[in-house]
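>>> no sequence for this one, just the structure:
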């Protein structure tokens, strides 16, 4: 009996010494975060993407405030983290001139992302981006100006339209151009003799006057991250640099370096940028294609 007890005790010691702590994710570093952002800047999927099948296509998008297909309105950064998990969600709202609707675009980064997958018979499309429709194409068609030349009817809002439906809620349409002008929103001059407000103008106006109307909710943001990961902060003003300049890697920029520090330390007091905020839509040309 004593030999059996001794054997069990010895085996337990060996097993204990050989065991390693088990966790869902290993601890992460600032470099881990910045490397993932750099990959997105280059359009390269990271190692956390699901493997997928042969023929599947993977997209890895970075926040872009000057995209030619989107009249950019609002933008924010959301940070989530605990000891082993981290997530950054970049939020952008605006009018998508190719899709014909107003949307929120959420770009996800982290080691715990449930990547959106669009499934088709021939292949799947895996991406880090989720889109939320604010004003549908059908709703834009309802409020569209239908008088005058074809160009006068293109992406301009009827002066008779008083409300627009945004995510199931009726929101007043402001037609007073002076209120837009005070915010730097100038309706297009070409083929607009009646000086009507445009599809993108209304989104920018709401971003300035009623931002919650076109902002993502916490539930919408959390759709692709774990429900129990703690939220650290939301950043509404930050320094942004063009993603169309190859030398602007996130790892070289103060904004992203600070985000990485905050996530690793889980300390929001580290958000002390020295560069002025440039993420306001007025600093960038967008939606011009």
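Great, that's in hand. Here the structure is a predicted model, which is why all the values come from computation and not from measurement. Residues are numbered from 1 along each chain as shown.
>>> ok, so what distance separates the closest residue in space to residue 262 that isn't next to it in sequence from residue 109?
Spatial nearest neighbour of residue 262, excluding adjacent residues (C-beta to C-beta, 6 or more residues apart in numbering): residue 270 at 4.9 Å. In this view, the C-beta of every residue, glycine as well, is placed from N, C-alpha and C. Per C-beta to C-beta, to the nearest Å, residue 270 is found 18 Å from residue 109.
>>> which residues does the residue nearest to residue 262 contact?
Residues near residue 270 by C-beta atoms under 8 Å, 6 or more residues apart in numbering: 258, 261, 262.
>>> Ramachandran coordinates for it?
Note on residue 270: its backbone torsions stand at phi -80, psi -10 [degrees, to the nearest 10].
>>> My guess is residue 102 contacts residue 96. True?
Yes - the pair residue 102 / residue 96 is scored as a contact, 7.0 Å apart, by C-beta atoms under 8 Å.
>>> How are the helices of the stretch 51-200 of the chain distributed by residue range?
Secondary structure of the stretch 51-200 of the chain (DSSP state H, counting those that start in this stretch): helices at 137-143, 177-181, 199-209.
>>> What mean pLDDT does the very next helix or strand once past the last one get?
Past helix 199-209, further along toward the C-terminus, the next helix or strand under DSSP states H and E is helix 218-221. On average, the pLDDT along helix 218-221 is 97.
>>> For helix 218-221, which outside residues touch it?
Against helix 218-221 from outside (C-beta under 8 Å, 6+ apart): 78, 89, 91, 104, 106, 132, 231.
>>> and the gap between the second one and residue 130?
So the one you mean is residue 89. Distance from residue 89 to residue 130, by C-beta to C-beta: 9 Å.
>>> which neighbours do these two share?
With C-beta under 8 Å, 6+ apart as the test, residue 89 and residue 130 both reach 106, 108.
>>> which of those two has more neighbours?
More crowded of residue 89 and residue 130, by other C-beta atoms under 10 Å: residue 89, with 26 against 20.
>>> Brilliant, that's me finished.
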